[in-house]
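1. need a structure here:
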Amino acid sequence: MNEVLLVTGMAGAGVSTVLKTLEDLGWETIDNVPLSLLPRVVAPPTDPDETPRPLAIGFGTRTRNFDADTALRRFEELRQRGDNVGMLFLDCSGEELTRRFAETRRRHPLADDRPAVEGIQRERRLLAPLRERANRLIDTTTFKANTLAQQVREMFTRDAGVGTTLTIESFGFARGIPAGVDMVFDMRFLRNPHWDPALRPHTGQDPAVAAYIAADPAYEEAVGRIEDLLLLLLPRYRAEGKPYVTVAIGCTGGKHRSVHVAERIAGRLRDAGLCPTIVHRDLAAAPQDALEGRPHGQ
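-> Below you'll find the model as predicted:
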């Protein structure tokens with residue numbers, strides 16, 4: 001059985017960095033494979049005793065004849081054939097991608113003669129089915145390349161001696177608690193930026209949103225105590241040999257309070273020498289007043 005990881009995502013979000021890091025970890029990597037060739041590239045081992053190296057395949061809107069539906073069909077074909085197939089999606093905010101394209105003076109693959117922001121918006125629509133289907137997601141909006149590489153090493157290193165792989169995942173209770181989490185912290189007691197018209201379009205990664213949340217009288221003590229609790233418990237999980245720990249931080253919609261608190265907690269854990277991976281499950285979901293439920297006094 002082949003182990004295959006399909007690596008896709010927004011142009012400029014870090015697909016190349018992920019492939020390079022996986023290569024350093026012993027994976028075979030191929031970038032920009034035409035989707036029609038996937039079944040042949042992932043050929044079954046000719047020797048039944050052979051243990052093939054895991055294979056990572058990068059593709060995206062820059063890939064010839066890209067189509068999300070075709071990609072998902074190939075994904076299913078490989079799974080039905082018995083291959084162990086996963087999909088990693090690299091996401092990033094439009095504002096940060098625009099900055100990266102401007103800084104590197106590269107053209108967006110879908111905006112040769114148009115502003116990069118138009119290509120980014122079109123690409124996000126084209127990739128939406130893949131983002132929804134991916135079983136792993138990394139948001140690189142606040143990452144530098146070495147931070148992303150560190151996250152990938154933590155996620156895919158196979159050496160049992162490396163300890164516990166830690167994931168901090170933000171989510172919205174309106175869409176359900178993520179499956180398989182070890183601890184859940186509810187941030188719905190904090191005041192909600194969704195009900196401020198100036199803040200609603202932004203996310204918990206925006207400084208203005210973060211400041212609004214941090215101004216809640218309960219914020220500092222509550223989040224600080226959660227951080228202290230995690231710093232107490234996580235080394236004990238590691239000592240017990242637990243390979244994966246996922247800490248879920250929830251708010252109502254999963255765009256503001258949970259995202260900000262997840263980022264803050266991950267930063268505190270990094271400062272303490274841990275290497276958490278951040279996943280923002282509902283960051284790209286459209287905000288909905290009906291889900292948020294306006295609280296009294298706000």
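2. mind saving the C-alpha coords of stretch 190-203 as CSV?
-> Extracted C-alpha coordinates of stretch 190-203, given in CSV (Å, rounded to 0.1, in the frame of the first residue of the first chain):
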residue,chain,number,x,y,z
LEU,A,190,-15.8,36.9,25.9
ARG,A,191,-17.4,39.8,24.1
ASN,A,192,-18.1,39.1,20.5
PRO,A,193,-16.5,41.3,17.7
HIS,A,194,-19.0,40.0,15.3
TRP,A,195,-21.5,42.5,16.6
ASP,A,196,-19.2,45.5,15.8
PRO,A,197,-19.9,46.4,12.2
ALA,A,198,-16.3,47.6,11.7
LEU,A,199,-14.8,44.4,13.1
ARG,A,200,-17.2,41.8,11.7
PRO,A,201,-15.5,41.4,8.3
HIS,A,202,-12.1,40.7,9.9
THR,A,203,-10.9,37.7,11.9
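3. how about it: buried residues?
-> Neighbour counts using 16 or more other C-beta atoms under 10 Å place 190-194, 199-200, 202-203 of stretch 190-203 among the buried residues. (Glycine included, C-beta is placed from N, CA and C.)
4. please enumerate the helices of this structure.
-> Using DSSP state H, the helices of the chain run over 15-24, 38-41, 68-80, 94-104, 116-133, 145-156, 207-214, 219-239, 257-271, 289-292.
5. any idea how far the first one is from the chain center?
-> Which is helix 15-24. Put simply, helix 15-24 sits 15 Å off its chain's centre (C-alpha atoms, centre = their mean, to the nearest Å).
6. got the contact list for that helix?
-> Contacting residues not belonging to helix 15-24 are listed as 5, 7-9, 29, 31, 54, 56, 58, 60, 88, 90, 138, 145, 148-149, 152-153, 156 [C-beta atoms under 8 Å, 6 or more residues apart in numbering].
7. any low-confidence regions in the stretch 151-298 of the chain?
-> Within the stretch 151-298 of the chain, the ranges that satisfy pLDDT under 70 run 158-163, 241, 286-298.
8. was I right about R122 contacting D112?
-> No - at 11.9 Å, R122 and D112 do not qualify as touching, with contact defined as C-beta atoms under 8 Å.
9. these two: which has the busier surroundings?
-> Neighbour totals were compared for R122 and D112, and R122 leads with 15 against 8 (other C-beta atoms under 10 Å).
10. burial count for the nearest residue to that one once chain neighbours are set aside?
-> Once flanking residues are discounted, R122 sits nearest to L110: 5.1 Å by C-beta to C-beta, 6 or more residues apart in numbering. By the measure other C-beta under 10 Å, the count of residues near L110 is 18.
11. contacting residues for L110?
-> By C-beta under 8 Å, 6+ apart, the contact list for L110 reads 11, 61, 118-120, 122-123, 126.
12. roughly how far does A211 sit from H256?
-> 12 Å (C-beta to C-beta, to the nearest Å).
13. again, but for L55
-> L55 sits 38 Å away from H256, going by C-beta to C-beta.
14. thinking again about what came up before, pLDDT for the contacts of L110 - can I get that in CSV?
-> Output for the contacts of L110, formatted as CSV (pLDDT from 0 to 100):
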residue, pLDDT
A11, 93
T61, 91
E118, 91
G119, 90
I120, 93
R122, 92
E123, 94
L126, 94
